[in-house]
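Student: how would this look folded up:
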Amino acid sequence: MNDIWSMKKESLLRDEWSLSKDELAKHRKEAPEGYVVKEPSARPERLWGYAWTDEGCAWLADRLKVKTVSAVNVEKPESTDGVFECKVLRSGFTNIRVIEVEHNGKPLRVSCRTNVNIKPRAIVKVRIVGNSACVTEITKKHLINNYNG
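Tutor: Numbering: from 1, shown residues only. Below you'll find the predicted structure:
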């Protein structure tokens, strides 16, 4: 019998191959026995997810005419982590701990101590780690609001 950890979750297959839940459920019902297994969990059995064996994934890929890629040939995308200089697009949010900056031509919401003193068009250094970003330094001082005079 196949180990549940060596199988591919149905939710991952949906994301990887851009399939709807209904379409994958239809193929699951038509799959030969042993290609799809319920994943045991602490939840009630009717809420358990499904996992596909390697043979099941190959059968499904053949059926959908999808080219499968082995894990050896997959290249890891370049990391976007690091510190970048970004231009502030918007700083007047109700939540004063958020500003919007331009990073690689796209808007990005960034956390900061306070957005009260930061104007749009200011240049700030932003540290990006994983899915979070925060302001580390304001580099263009002349674009900061001065309330002291």
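Student: helices or strands up against the helix or strand of the chain with the lowest mean pLDDT?
Tutor: Of all regular secondary-structure elements in the chain, judged by mean pLDDT, DSSP states H and E, the least confident is helix 10-17 with a mean of 82. In terms of contacts (3 or more CB pairs under 8 Å, 6 or more residues apart in numbering; DSSP states H and E), helix 10-17 is packed against helix 21-30, strand 50-52, helix 54-64. Bear in mind the C-beta positions are built from the backbone N, C-alpha and C, glycine included.
Student: how about these, which one is nearest residue 102?
Tutor: Nearest of those to residue 102, taken as CB to CB: helix 21-30 at 36.4 Å.
Student: what angle sits between the closest one and helix 54-64?
Tutor: Helix 21-30 and helix 54-64 meet at an angle of 120 degrees, taking axes from the mean of the first three to the mean of the last three CA atoms, to 10 degrees as the criterion.
Student: any idea how far helix 21-30 is from the chain center?
Tutor: Offset of helix 21-30 from its chain centre (CA atoms, centre = their mean, to the nearest Å): 25 Å.
Student: Check which helices and strands the helix or strand just after it is in contact with.
Tutor: Counting by DSSP states H and E, the next helix or strand C-terminal to helix 21-30 is strand 36-38. In this structure, strand 36-38 packs against strand 50-52, with contacts taken as 3+ CB pairs under 8 Å, 6+ apart.
Student: Could you list the domains of this structure?
Tutor: Residue ranges for the domains of the chain, per automatic domain parsing: 4-64, 82-143.
Student: Reformat those domains as a markdown table; add mean neighbour count.
Tutor: Output for the domains of the chain, formatted as a markdown table (neighbours: other CB atoms under 10 Å):
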| stretch | mean neighbour count |
| --- | --- |
| domain 4-64 | 14 |
| domain 82-143 | 15 |
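Student: Report the angle between the least confident helix or strand of the chain and helix 54-64.
Tutor: Orientation of helix 10-17 against helix 54-64 (the same axes, to 10 degrees) gives an angle of 40 degrees.
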